[in-house]
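Chemist: Starting from these lines, generate the structure:
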Amino acid sequence: MKVHLEHFESIPYLHITKDGQENDPLPTVFFLHGFQSAKEHNLHYAYNLAMRGMRVILPEARLHGERDEQYTTFQMGMEFWPTVLQSIQEVGTLYEHLNERGLLIEGKIGVGGTSMGAITTYGCLSMYDWISAAVSMMGSAHYEKLARGQIRYFEKKGMELPLSKETIDQLLENLTTYDLSNDLTRLNGRPLFIWHGEEDEIVPFELTYVLVDQLQSLYEQTPERLLFIADEERGHSVPRKAMIRSTEWFAEHLVN
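Modeler: Okay, here's the model as predicted:
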């Protein structure tokens with residue numbers, strides 16, 4: 001397996017393939033890390049994907065990893081949604097870059113992630129029709145509902161948000177553009193694997209349950225394209241079994 005650290009514009013990313021395949025057109029997965037994590041923390045996903053014949057791109061989100069600006073956890077929390085929205089744009093930028101290099105195969109491109117990366121994945125699905133398959137681990141497609149819940153959480157904890165009402169209202173309005181739950185037909189029947197722990201205290205499982213219920217009618221004719229696994233014992237962490245299943249999902253829909 002080859003792991004290369006590359007940069008395009010201001011975006012650092014790890015580029016992973018099997019030995020000797022770095023310059024070949026391959027099925028490709030963009031896999032996105034979580035909040036306060038970093039690109040290299042998902043190398044176990046990358047290894048299993050690469051061994052199944054895929055190119056893997058692990059981008060670094062703003063304020064994370066080598067883009068760290070020494071923000072406190074609270075400050076990073078205030079930048080959560082701007083980070084998600086920028087990551088959506090940067091996935092598009094990296095797609096164009098890799099496509100120009102002749103490394104992609106149309107119809108064989110996936111996007112997935114954990115936590116913040118899974119939330120970003122849903123936004124990418126709302127914007128990019130070139131995505132062929134997706135994986136969400138502990139994510140949420142309900143952007144506005146999740147953001148409002150986060151605001152209520154801070155208020156309940158007695159934390160004063162350093163944001164004006166106008167700024168918050170503008171943020172919520174901006175989120176509607178990327179909020180996949182507002183128009184699930186944008187999925188267009190694309191293969192989607194969703195995993196979520198029922199005991200998750202960070203990203204509410206309830207929103208995922210609502211999403212899956214809403215998706216049933218859209219996948220009625222192609223149920224094999226929607227896989228939902230709810231882990232009743234898990235909180236905000238992905239077990240190895242689910243990680244392996246997610247990489248198998250990409251292989252089934254991008255390679256086989």
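
Chemist: just the helices in the stretch 1-150 of the chain please.
Modeler: Here the stretch 1-150 of the chain has its helices, by DSSP state H, counting those that start in this stretch, at 43-50, 73-78, 80-100, 116-127, 143-156.

Chemist: Quick check: which of these is buried the most?
Modeler: The highest average neighbour count among the helices of the stretch 1-150 of the chain, using mean count of other Cβ atoms under 10 Å, belongs to helix 116-127 at a mean of 25. All C-beta atoms are positioned from the backbone trio N, CA, C, and that covers glycine.

Chemist: How about residue 178: what's its closest non-neighbour residue?
Modeler: Distance criterion Cβ to Cβ, 6 or more residues apart in numbering; nearest residue to residue 178, sequence neighbours excluded, is residue 123 at 4.1 Å.

Chemist: Please tell me how far that neighbour sits from residue 111.
Modeler: 10 Å (Cβ to Cβ, to the nearest Å).

Chemist: distance between stretch 92-106 and the chain's centre?
Modeler: Remark: stretch 92-106 is offset 18 Å from the chain centroid, using Cα atoms, centre = their mean, to the nearest Å.

Chemist: Relative to residue 167, how far out is the residue of the chain most remote from its centre?
Modeler: Relative to the centre of the chain, the most outlying C-alpha is that of residue 158, 30.2 Å out, by Cα atoms, centre = their mean. Separation of residue 158 from residue 167 (Cβ to Cβ) stands at 20 Å.

Chemist: Equivalent analysis for residue 27, please.
Modeler: Relative to residue 167, and taking Cβ to Cβ, residue 27 is found at 41 Å.

Chemist: okay, those two: which has more neighbours?
Modeler: The neighbour comparison of residue 27 against residue 167 (other Cβ atoms under 10 Å) goes to residue 27, with 24 against 11.

Chemist: Tell me, how many residues neighbour residue 140?
Modeler: Neighbours of residue 140 (other Cβ under 10 Å): 26.

Chemist: ok so, going back, might one say that the residue nearest to residue 178 is in contact with residue 86?
Modeler: No. With contact defined as Cβ atoms under 8 Å, residue 123 does not count as touching residue 86 (10.6 Å).

Chemist: so where is this protein shaky, pLDDT-wise?
Modeler: Scanning the chain for pLDDT under 70 picks out no residues.

Chemist: any idea where the strands of it begin and end?
Modeler: 2-8, 11-17, 26-32, 55-59, 104-114, 133-137, 192-197, 226-231 (DSSP state E).

Chemist: would CSV of the ones you listed with distance to residue 152 be doable?
Modeler: Output for those, formatted as CSV (distance: least, Cβ to Cβ, whole Å):
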stretch, distance to residue 152
strand 2-8, 38
strand 11-17, 33
strand 26-32, 26
strand 55-59, 30
strand 104-114, 24
strand 133-137, 23
strand 192-197, 21
strand 226-231, 24
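
Chemist: The ones you listed: which one's closest to residue 97?
Modeler: strand 2-8 (4.8 Å; Cβ to Cβ).

Chemist: Partner strands of that closest one and their direction?
Modeler: strand 11-17 (antiparallel) (DSSP bridges).

Chemist: by how many degrees do the partner strand and helix 80-100 diverge?
Modeler: For strand 11-17 against helix 80-100, the angle by axes from the mean of the first three to the mean of the last three Cα atoms, to 10 degrees is 50 degrees.
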